[in-house]
Structures are given as structure tokens and as C-alpha cells.
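**Q** Provided below are the primary sequence and the corresponding predicted coordinates.
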Amino acid sequence: MIYTITEMTEKHYYGKAYVQYAAWFETYRGLMPDEFLDNRKLESCYESTLKHPQDTYVALVDETVAGFIWYSPDAREYTRKTGMSEINALYVLKKYQGHGIGRALMEKSLSMMPHKEAVLYVLRGNNPAIGFYEHMGFMLTGNTFTQDTGFGNIVELEMMRTRRLTGP
């Protein structure tokens, strides 16, 4: 499969929002309360895209957004350590998985981050994602973050990675 990784521009906003919306259903059914997932709307994902257009890369297959990654140069305040960057979201639609797109998106973001260390949060029970992140050099820290969805709690596991000074 031929794909390109590019910085997200306005022409990719709807495609990125669709990937975010669809990937939640593909990935989180059975891991999150059904009521929470069933209340998700494509419009909310589009609004989120408009709020956070920076530091986002998309993977394009025939000009269709197949996946995206969004990172923050500085991690949120509740992370275990300061002075880290954060992977906020990485999603690839199932039909495009297994072709190196997730890896390429991760490597691109890691190469752009200003800090040597990166953190991300992965939903407890999302074993395919945990395995992927471990393959990419992230390790579970033992720290968790619990969120109330309004339909029950979900628990995210903190993972960290220290990257080489040259390259991802």
C-alpha cells in the first residue's frame, strides 16, 4: 500500500475527524461503556479538529485520510514527569492497519518533538495498541489516569519513551 505522511492542512480536517470518529467505534467497543460511544458524534470530532489543528500529521492513501497522529510539544500537567512531549492521539482505520502507517506517523511525530522523552496514554484493555507502543519503544510506567465518561469510568495507562538524540 502506498501512502504519504504530511502535515495536516484545512483540506484534511473532515477526513481527520472521520478517522477519529470511526476509529473509536472500531477500537473501543467493549472497552468503553456503549452509552458513551453511542453518544459520540462526527460533528464533535470535527470541532475537536478545529480546536487542535497544530502538530497533527495525516497519512494519505489516494488522497484519503487513512490515519493521523496529534502530539503536544509539552505534555499535560498530570504526567509523571515534566519536560516531556506527548502523543495525544494516534488512529489508523482498521482497513489500513498492518501497512506501516502507524509506525510512520509515530516516527514523524517523534522526530518533531522538542523533548527527548515522550508520554502517551492508552486505554486499559487495548492490548493491540499497548503491543504496538511497546514495539515503538514505549514502556508502561505503572501510572494510571481515570476519567468519568458520565456512563462509567475508563482507565488509561501511562507509557513513556526516551528517544535517541538523532532520529526517532
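**A** Everything's here; your move.

**Q** against residue 53, how distant is residue 94?
**A** From residue 94 over to residue 53 the distance is 25 Å, taken as CB to CB, to the nearest Å. For glycine as for every other residue, the C-beta is placed from the backbone atoms N, C-alpha and C.

**Q** ok, now how distant is the closest residue to residue 137 other than its chain neighbours from residue 62?
**A** On the basis of CB to CB, 6 or more residues apart in numbering, the spatially nearest residue to residue 137 that is not a chain neighbour turns out to be residue 161, at 4.7 Å. Distance from residue 161 to residue 62, counting by CB to CB: 31 Å.

**Q** next: residue 100.
**A** In this structure, residue 100 and residue 62 are 16 Å apart, going by CB to CB.

**Q** those two: which is more packed in?
**A** With neighbours defined as other CB atoms under 10 Å, residue 100 and residue 62 compare such that residue 100 has more, 14 against 9.

**Q** pLDDT value on that one, please?
**A** What the model reports as pLDDT for residue 100 is 97.

**Q** what's the answer for residue 1, then?
**A** We have a pLDDT of 89 for residue 1.

**Q** neighbours of the residue lying closest to it once chain neighbours are set aside, how many?
**A** With CB to CB, 6+ apart as the criterion, residue 1 has its nearest non-adjacent residue at 4.3 Å, and that residue is residue 99. By the other CB under 10 Å criterion, the neighbourhood of residue 99 contains 17 residues.

**Q** measure residue 99 to residue 36 for me?
**A** With distances taken as CB to CB, residue 99 is found 30 Å from residue 36.

**Q** repeat that for residue 106.
**A** Shown here: residue 106 relative to residue 36, a distance of 26 Å by CB to CB.

**Q** repeat for residue 47
**A** Separation of residue 47 from residue 36 (CB to CB) stands at 17 Å.

**Q** bridged to residue 70, which residues?
**A** The residues listed as beta-bridge partners of residue 70 by DSSP bridges are residue 56, residue 89.

**Q** what's near enough to touch it?
**A** Contacts of residue 70 were listed using CB atoms under 8 Å, 6 or more residues apart in numbering, and they are 52, 55-56, 87-90.

**Q** narrow these to just the buried residues.
**A** Neighbour-count burial (16 or more other CB atoms under 10 Å) applied to these gives 55-56, 87-90.

**Q** closest one of the residues you listed to residue 10?
**A** For the buried ones among the contacts of residue 70, the closest approach to residue 10 (CB to CB) belongs to residue 56, at 11.6 Å.
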